[in-house]
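S.K.: Here's my sequence, what's the structure:
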Amino acid sequence: MAINIAVIGGGIGGLTAGIALRQKGFSVTLFEQATEISEVGAGLQISANAVRVLNALGLKPQDWQCSKPKSVMLHDYKRGDLVTSVAMNVTPDAPYLQFHRADLIEKLMDAAINAGVTIKLGKQVTVSGTGPNTVLIDGQNFDLVVGADGVRSTVRDQFYDGEKPQFTGKIAWRGLVNAADLLGQPIQNTRIYMGPNKHIVMYPLRDGKLINIVAVEERATWTAEGWNHAGNADELRHLFNGWCAPVITALAQVKSTIVWGLFAHPTLHNWVKNRLVLLGDSAHPMVPFVAQGACMAIEDAWVLANQLARKNDITKALQAYQAIRKPRATKVQQTALKSGNIYHTANPLARGVLHTGMRLTSKLSPAIMAGHYDWIYNHDVTVD
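M.R.: Modelled structure (predicted):
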């Protein structure tokens with residue numbers, strides 16, 4: 001039976017879903033409200049669990065323009081001393097890639113078009129009803145609709161009974177600088193500088209030509225969730241005044257910045273409503289502290305397409321997709337919420353004890369340090 005599927009949202013999750021579904025033989029129409037599919041001004045990290053999905057789809061992201069850090073290095077904020085490091089990209093079967101979002105989106109867009117996905121841009125669709133057999137979008141019936149419209153999903157808000165997100169007490173800043181403008185040694189690996197009530201992450205993009213900067217601070221209040229709030233670069237620099245030279249040098253080159261609040265989204269009871277299903281940030285928005293927002297969406301896409309191809313009954317396929325994905329995505333979502341706190345220890349004595357423990361663990365038992373999140377990064381949804 002030919003199944004006609006609509007995907008709402010042209011981000012990483014929506015495009016990957018479109019590719020995966022087309023490769024399984026389904027008819028796919030992707031709707032994106034923007035007039036062009038693009039991403040600007042930010043980097044993201046794609047760990048092995050998501051790279052394996054993209055490779056299984058035949059995309060080979062390792063060959064695309066990206067950076068492949070050899071380690072993640074954690075530093076003290078004041079002196080810049082190395083606290084510990086975790087080796088990355090040690091073996092070819094566990095790749096860890098860093099992309100400019102625009103580059104990744106462009107590649108996924110090309111792959112979706114080549115796979116035969118019908119893409120309709122500048123189209124803000126209205127889902128007017130979901131029944132047991134079809135979903136109506138702007139007067140057109142589809143056998144299945146995939147809501148992949150992101151953290152501020154209108155599909156989720158319209159059809160699902162979710163609780164309001166709660167501000168975490170943290171906000172994030174992001175910016176890009178040219179690596180050539182930095183003094184001293186170029187940044188070739190991921191660096192995390194940990195300090196009282198804030199931390200900053202820096203890593204290379206586009207083969208080291210750009211440096212992506214993400215800074216997180218604790219703040220009592222914030223009004224809106226979203227990615228499009230212009231920040232003040234001087235305010236960002238002021239927040240990190242007195243930090244070590246590499247941080248000061250990098251922030252001095254920031255010309256423009258975006259700032260957004262980090263919100264905790266309560267777990268949805270269901271991702272499925274008749275012939276409507278959620279995927280990625282629409283289903284399980286998460287804070288960025290384990291770098292898994294895009295990766296979980298990529299995993300979702302594979303499992304959804306696989307279950308639909310395996311089962312003749314769409315309802316059973318959707319329930320199987322939820323049963324497989326919801327426990328893992330929820331655990332990652334909750335882990336991400338907890339993980340940001342470890343970087344922000346304010347008490348000097350407690351911070352000293354924590355950093356000493358990290359150093360000793362790294363020295364005496366590096367496998368423990370490196371393997372702490374293996375259950376996230378080494379997972380492979382493409383293997384039954």
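S.K.: ends of stretch 248-262, how far apart?
M.R.: Its first and final residues considered, stretch 248-262 spans 24 Å by Cα to Cα, to the nearest Å.
S.K.: mind pulling up the phi and psi values for Asn274?
M.R.: Main-chain dihedrals, Asn274, degrees, to the nearest 10: phi 50, psi -120.
S.K.: Report the spatially closest residue to it, excluding sequence-adjacent ones.
M.R.: Thr130 (4.5 Å; Cβ to Cβ, 6 or more residues apart in numbering). C-betas here are computed from N, CA, C, even on glycine.
S.K.: again with Trp222
M.R.: Trp222 sits nearest to Gly261 (Cβ to Cβ, 6+ apart), 3.5 Å away.
S.K.: swap in Lys255?
M.R.: Per Cβ to Cβ, 6+ apart, closest to Lys255 is Ala233, 6.4 Å.
S.K.: In this model Ile258 seems to touch the one you found, though I could be wrong.
M.R.: No. Using Cβ atoms under 8 Å, Ala233 is not in contact with Ile258, being 10.6 Å away.
S.K.: can you list residues touching both of these two?
M.R.: Residues touching both Ala233 and Ile258 (Cβ atoms under 8 Å, 6 or more residues apart in numbering): Gly175.
S.K.: Where does pLDDT dip in the stretch 251-384 of the chain?
M.R.: Within the stretch 251-384 of the chain, the stretches with pLDDT under 70 are 364-371, 384.
S.K.: Which parts of it are strands?
M.R.: Ranges of strands within the stretch 251-384 of the chain are 257-264, 272-273, 276-278, based on DSSP state E, counting those that start in this stretch.
S.K.: Of those strands, give the one that comes closest to Ser153.
M.R.: Closest to Ser153 of the strands of the stretch 251-384 of the chain, according to Cβ to Cβ: strand 276-278, at 7.2 Å.
S.K.: what's near enough to touch Val247?
M.R.: Contacts here follow Cβ under 8 Å, 6+ apart; on that basis Val247 touches Tyr77, Gly80, Tyr193, Ile200, Phe240.
S.K.: mind running it again at 10 Å?
M.R.: 75, 77, 80, 191, 193, 195, 200, 202, 213, 215, 237, 240-241 (Cβ atoms under 10 Å, 6 or more residues apart in numbering).
S.K.: for Leu279, same thing?
M.R.: Leu279 makes contact with 7-9, 13-14, 16-17, 146-149, 153, 155, 271, 296-301, 303-304, 321, 325, 329, according to Cβ under 10 Å, 6+ apart.
S.K.: mind running it again at 6 Å?
M.R.: Residues near Leu279 by Cβ atoms under 6 Å, 6 or more residues apart in numbering: Gly13, Ala17, Val146, Ala148, Asp300.
S.K.: what's the answer for Phe159, then?
M.R.: Listed by Cβ under 6 Å, 6+ apart, the contact set of Phe159 reads Lys273, Leu276.
S.K.: can you do 7 Å?
M.R.: Counting by Cβ atoms under 7 Å, 6 or more residues apart in numbering, Phe159 touches Thr130, Lys273, Leu276.
S.K.: Per-residue pLDDT of Asp138, please?
M.R.: pLDDT, Asp138: 84.
S.K.: Give the other helices and strands that the helix or strand where Ser85 lies contacts.
M.R.: According to DSSP states H and E, Ser85 maps onto strand 82-87. If you count contacts as 3 or more Cβ pairs under 7 Å, 6 or more residues apart in numbering; DSSP states H and E, strand 82-87 packs onto strand 71-76, helix 348-364, helix 366-370.
S.K.: I'd guessed Cys244 sits against Gly80; true?
M.R.: Yes. The pair Cys244 and Gly80 qualifies as a contact (Cβ atoms under 7 Å) at a distance of 3.4 Å.
S.K.: Looking only at neighbour counts, state which of those two leads.
M.R.: A direct count of neighbours by other Cβ atoms under 10 Å for Cys244 and Gly80 places Cys244 higher, at 17 against 14.
S.K.: residue ranges for the strands of the stretch 1-150 of the chain, please.
M.R.: Using DSSP E, counting those that start in this stretch, strands in the stretch 1-150 of the chain cover 4-8, 27-32, 43-46, 71-76, 82-87, 97-100, 118-121, 127-130, 135-137, 140-142, 144-147.
S.K.: partner strands of the longest strand along the chain, parallel or antiparallel?
M.R.: Ordering each strand of the chain by length in residues (DSSP state E) puts strand 166-178 first. Counting by DSSP bridges, the strands paired with strand 166-178 are strand 210-218 (antiparallel), strand 257-264 (antiparallel).
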